[in-house]
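Asker: Provide a 3D model corresponding to the input given below.
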Amino acid sequence: MPVFKVRRALGARLNDAGIEDAELDARHMLRAVFGDVALDAGPDHCLDKEAAMQLETMCARREKREPLSHILGSWEFWSLELRVSVDVLTPRPETERLIELALGALGSGPSKILDLGTGSGAILYSLLSERPEALGVGVDLCPDALKIADANARALNLNKRIQLIEGNWGAALDLAPFDVLVSNPPYIASAVINTLEPEVRAFEPMLALDGGADGLDAYRAILPLIPCYLKSGGWFAFEIGADQGEALLNLAQTQENIQKIEIFQDLVGRDRVICGYSN
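Answerer: A predicted model of the protein is given here:
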């Protein structure tokens, strides 16, 4: 069957399965099998048997709502190709707002960055890729997540500039002070998780999703640590849920030695990042 017909058939199957971006997913699958040449293939470019079987397997997995990132084994974020798995969150475009703000706070010279709940390393490695004199520490409670982070650091040639630590939110206190602290902690309220898309609730790591009854448990644990982690004048930024801005602003303002707290929105105007400074 010609490749252009295969693309249409894939898109139709994925659309029937309830995939929102069915045509885009079909293109990603074809690119994974054939490379970019498949997207411009002429009517005489046909699938061989091996490629057809590979695409069938990928499509069947996606029809069951397995994330495309898991099927492909990697995902692009901030122009970096990152390995992902069931042990880490697939990085999402809205998190790039945090990267933009953090780059604005980081100077161009030497600096020390802490990423709590590093997962795949998406946030930390994006910052290090833009700041060649910076060093980073990534903390995660999940050892399998740290294996993914380590593999990504090596693939990006950042492994000599990072240190990965297995542990809870306070696991890197011995390495303080830091210039910048960033985190995308679990912030979804427990009762909401079962209402999420199948790709999230069935395949993303619960440890990285569940933020407790109101979604704020991780922030309650991290905020008091900010003065311990950051040098005087150090800057922090956390990704937050779209409906959590006011609650987190109030929570942060009760903490001592934190100042200039602000909420920033993403490109569609939803609360996305809370930032501030250590006294």
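
Asker: CA only for contacts and neighbour counts going forward, please
Answerer: Fine.

Asker: Okay, residue 129 and residue 81: tell me how far apart.
Answerer: 12 Å (C-alpha to C-alpha, to the nearest Å).

Asker: cool, and residue 269?
Answerer: 27 Å.

Asker: Those two - which one has more neighbours?
Answerer: residue 81 (14 against 9; other C-alpha atoms under 10 Å).

Asker: Would it be right to say that that one lies in a helix?
Answerer: No. Per DSSP: H, G, I helix; E, B strand; the rest coil, residue 81 lies outside any helix segment and is strand.

Asker: Excluding covalently adjacent residues, which one is nearest to it?
Answerer: In this structure, residue 81 finds its nearest non-sequential neighbour in residue 75, 5.7 Å apart by C-alpha to C-alpha, 6 or more residues apart in numbering.

Asker: can you pull the contacts of that neighbour?
Answerer: Listed by C-alpha atoms under 8 Å, 6 or more residues apart in numbering, the contact set of residue 75 reads 69, 81, 82, 83, 84, 90, 91.

Asker: Of those residues, just the buried ones, ChimeraX syntax please.
Answerer: In ChimeraX syntax, the buried subset of the contacts of residue 75 is picked out as below (16 or more other C-alpha atoms under 10 Å):
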select :69,82,83,84,90,91
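
Asker: how about the contacts of residue 75 in JSON lines, adding pLDDT and distance to residue 248?
Answerer: Converted to JSON lines, those look like this (pLDDT from 0 to 100; distance: C-alpha to C-alpha, whole Å):
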{"residue": "69", "pLDDT": "95", "distance to residue 248": "31"}
{"residue": "81", "pLDDT": "96", "distance to residue 248": "32"}
{"residue": "82", "pLDDT": "97", "distance to residue 248": "30"}
{"residue": "83", "pLDDT": "96", "distance to residue 248": "31"}
{"residue": "84", "pLDDT": "96", "distance to residue 248": "29"}
{"residue": "90", "pLDDT": "95", "distance to residue 248": "24"}
{"residue": "91", "pLDDT": "95", "distance to residue 248": "22"}
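
Asker: Sort out which one of the contacts of residue 75 lies nearest residue 51 for me.
Answerer: Nearest to residue 51 among the contacts of residue 75, counting by C-alpha to C-alpha, is residue 69 at 19.2 Å.

Asker: Alright, I will stop here.
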